[in-house]
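# turn this into a structure:
(one chain, ligands or ions: 2)
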Amino acid sequence: MAAVTRSSAPDAGPWQERLIRIDLPEGLHARPAGRFVSLLAAFEATVEVRNHTTGAGPANGRSLTSLATLGVLRGQMVLVRVRGRDGNEALVAIEALAARGFDEGASPPLPPTPALAGLGSPRDAIVGQPAARGSVVAPARRVHRRPTGRTREIGGPGQEAVVLRRAIDAVRDELRRTRDAIASQAGAVHAEILSTQIMILDDDALAGPAFAALGDDGVTAEAAWATATGGVAARYRALPDPYQRARATDIDEIGRLVIARMAGAADPPALWGPGVLIADDLGPAETAALDLNLVRGIATAGGGPTSHTAILASALGIPAVVGLGPGILTIVEGTPVLLDGDAGTLTIDPDPATLAARGPTPSAAPHIRPVEPAAGDSERRLALEVSANISMLIEMRALQASSADAIGLLRTEMLFLDRTTMPTRDEQHAAFAAICDEAEGRRVTIRTLDSGFDKPLAFLPEPVTANPALGVRGLRRTLAEPGLLAAHVGAILRVAAEHPVRIMFPMISTLGEWRRARDVVESEIDALGWSERRPHGLQIGAMIEVPAAAICAELFAPEVDFFSIGTNDLAQYVMAADRTNSATSALADALHPAVLRLIGEVCGAADAHGRWVGVCGEVAGDPLATPVLVGLGVNGLSVAPVLVDDIKRLAERFDVDEARTLAAEAVSLGSADEVRERARTFLKGTH
Ligand code: PEP
Ligand code: MG
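Ligands and ions are numbered 1, 2, ... in the order given. The predicted structure is shown next:
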């Protein structure tokens, strides 16, 4: 952010101005704009914002929709003008918010990009855009927005205003209930999507024109609201940036919800049985309120892959494809469909050959155990463990429906994103125990708090530095808080007494850090009086995410029980490419031969000391990476729960010798693209 102080205006409270550069990857879209608006609630000040680069505006700083439709893109400057009693403080707070990147670090991640796209779509499939991963075969279910059959008596302007006000109030109550439910199911980060919907509902940019229109006789509350929301949605649709344009869906939903309420309909869209929900479009609140016992997948005619709907579907483990076109709205209720959230396709009434090629659906999949090496055949058969990465309790449903062998990575920090104070030992124990209880006996690898950079934690604030990715994050951060780390490790150990648990430390750079971390575990074991009888199966391992640790893996191997390679960070540091910056994230590709060579070194060191080594970064869920990683010598892959079955099936298609040959070739290629191409050819030959 660059700030330049400019002139101040005279009388009636002078204006103060700042030019602020917006460095957000998606520009000043609805979520950061919402944080800007929330921030101002504490100040008595008039705030106007202009897109200084394009000249758009001014927008009322207290209106989310006005701010978001300024169309401010990354790198553009906004001119913020403030005056009033708290003007000065408001300006300071706005600058601080911009300096913190509008707190976007704690935002829900976009759904992962499809991994299977490019392997080919089934014939006759309708092609849309992948929005949430996973695939399913199930009956088509049309959305039934329940009609009330009620006709409303139209009143005069005053009465119509009351009708509109009541409907807005009722929708706000409903959105708050959904937000609270999502907060406990999927965490505070995803609940924020619903908070944004509430802010849109309460935005003056909608209510102002709607209530003003009701001053004219004969205008109904429905028409006034539809015109106001339609106008704002049209402003979004006119924006040049596709990501910002996609936010029109959120406005459409607010329009729909209030109008449905005026017609007496209160319920979320209903399905008449389990299946794939087929809809014109679906808003985030509607998605959050869906009955998860019935919805196996989501297919929409409109919408975009970066929408809030897609983010929520991904968090809830529901495969989704968007932008399939209006043709899908004619699909007859109950027709079997194959929805492929990876390829971004919908196949109506798939033929047996298509189904056979795809294999069983996750819900119908048999519980495939890893192939045990048979005597005399140990070299050729795979004993690959395929486990799941878990960040929140709600994902356990998807894990249970899968054939996951274990939880390979529990991202503990994600359980506490809504906390502003350190959770107590008991609270932590309860959160870990809830996950382990649902793991149904599977081993759970619990990673200690990995805070900082892309995962800021309110109760562990990091100092503002120029390079947070290279700062005091991960294990560095927790080692700096000995009391906190001891309580955290103590809570993990308590679950280890009841469940098969491994403890894993993130972002280790040096042997010294590893030893300090391990010593904390040992002293907590002593404190619990367990020195003589450690919990059965307790293991302590190191994540390999920093090139220094990968290069020195041979030194770590004798001391660790296992390695888990965090390729998201390893690739970022090897390639010197920020994983959170859309301009560089593609370069942080774990299939680049430079990263693969390091993975190979770690596997070699682990093998030499008889240590288990897994990969838990996103690349583990990329089918093109499966044979390469197996060939390099990894023993386990930990992936999103919905991908477990697919990766298992894939790993059964080749043997270790073939994979080794492929990996040996891959490390000598010149780019990640070449590795992908080679792996694609390899997989085609394994059908
Ligand atoms: C990784 O870096 O690969 C990893 C698994 O950790 P995270 O993505 O949570 O940083
Ligand atoms: Mg990491």
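# where exactly do the strands run in the stretch 351-500 of the chain?
Ranges of strands in the stretch 351-500 of the chain, per DSSP state E, counting those that start in this stretch, are 385-390, 406-411, 443-447.
# tell me, how many residues neighbour the residue of the stretch 151-300 of the chain found nearest ligand 1?
Closest residue of the stretch 151-300 of the chain to ligand 1, CB to the nearest ligand atom: residue 189 (13.5 Å). Quick note: C-beta positions are derived from backbone N, CA and C, even for glycine. Residue 189 has 20 neighbouring residues, counting by other CB atoms under 10 Å.
# again, but for the one 10 residues further on
Summarising burial for residue 199: neighbours were counted as other CB under 10 Å, giving 19.
# residue 391 versus that one, what's the distance?
In this view, residue 199 and residue 391 are 25 Å apart by CB to CB, to the nearest Å.
# how about the residues of the chain by ligand 1?
409, 411, 450, 545, 566-569, 616-617 (CB under 6 Å from any ligand atom).
# between those, which is closest to residue 520?
For the residues of the chain next to ligand 1, the residue nearest residue 520 by CB to CB is residue 450; the value is 15.5 Å.
# and the pLDDT at the closest one?
pLDDT, residue 450: 95.
# does residue 98 really touch residue 22, like I thought?
Yes: between residue 98 and residue 22 there is a contact at 7.4 Å, judged by CB atoms under 8 Å.
# turn the strands of the stretch 351-500 of the chain into a markdown table, columns for mean neighbour count and mean pLDDT.
Shown next, in a markdown table, are the strands of the stretch 351-500 of the chain (neighbours: other CB atoms under 10 Å; pLDDT from 0 to 100):
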| stretch | mean neighbour count | mean pLDDT |
| --- | --- | --- |
| strand 385-390 | 26 | 94 |
| strand 406-411 | 24 | 95 |
| strand 443-447 | 24 | 96 |
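# contacts for stretch 169-185?
190-191, 193-195, 197-198, 201-202, 254, 257-258, 261, 266, 285, 288-289, 312, 316, 392-394, 418 (CB atoms under 8 Å, 6 or more residues apart in numbering).
# mind naming the longest helix for this structure?
helix 157-186 (DSSP state H).
# over to residue 18: give its phi and psi.
Recorded main-chain torsions at residue 18 are phi -140, psi 140, according to degrees, to the nearest 10.
# for the remainder of this discussion, apply numbering that starts at 590.
Sure, I'll start counting at 590 from here, so that last one is residue 607.
# and for it, the neighbour number?
21.
# just list whatever residues bridge to it.
According to DSSP bridges, the residues that bridge with residue 607 are residue 594, residue 669.
# pretty sure it is touching residue 676, no?
No: using CB under 8 Å, residue 607 is not in contact with residue 676; the gap is 11.2 Å.
# now the strands for the stretch 690-839 of the chain?
Using DSSP E, counting those that start in this stretch, strands in the stretch 690-839 of the chain cover 715-716, 718-721, 724-731.
# could you list the low-confidence segments of this protein?
Per-residue confidence for the chain (pLDDT under 70) gives these ranges: 590-601, 694-712, 733-741, 774-776, 854-862, 895, 945-971, 1171, 1276.
# close to ligand 2: what parts of it are there?
Counting by CB under 5 Å from the ion, the positions of the chain adjacent to ligand 2 are 1134, 1155, 1158.
# got the phi and psi for the last one?
What that stands for is residue 1158. According to degrees, to the nearest 10, residue 1158 has phi -80, psi -40.
# let me see the contact set for the nearest residue to it once chain neighbours are set aside.
Spatial nearest neighbour of residue 1158, chain neighbours left out: residue 1134 (3.8 Å); criterion: CB to CB, 6 or more residues apart in numbering. Residue 1134 sits next to 1063, 1095-1097, 1154-1155, 1157-1159, 1162 when contact means CB under 8 Å, 6+ apart.
# how about those in JSON lines, adding secondary structure and distance to residue 944?
Shown next, in JSON lines, are the contacts of residue 1134 (DSSP: H, G, I helix; E, B strand; the rest coil; distance: CB to CB, whole Å):
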{"residue": "1063", "secondary structure": "coil", "distance to residue 944": "44"}
{"residue": "1095", "secondary structure": "coil", "distance to residue 944": "41"}
{"residue": "1096", "secondary structure": "coil", "distance to residue 944": "44"}
{"residue": "1097", "secondary structure": "coil", "distance to residue 944": "45"}
{"residue": "1154", "secondary structure": "strand", "distance to residue 944": "35"}
{"residue": "1155", "secondary structure": "coil", "distance to residue 944": "36"}
{"residue": "1157", "secondary structure": "helix", "distance to residue 944": "34"}
{"residue": "1158", "secondary structure": "helix", "distance to residue 944": "39"}
{"residue": "1159", "secondary structure": "helix", "distance to residue 944": "38"}
{"residue": "1162", "secondary structure": "helix", "distance to residue 944": "43"}
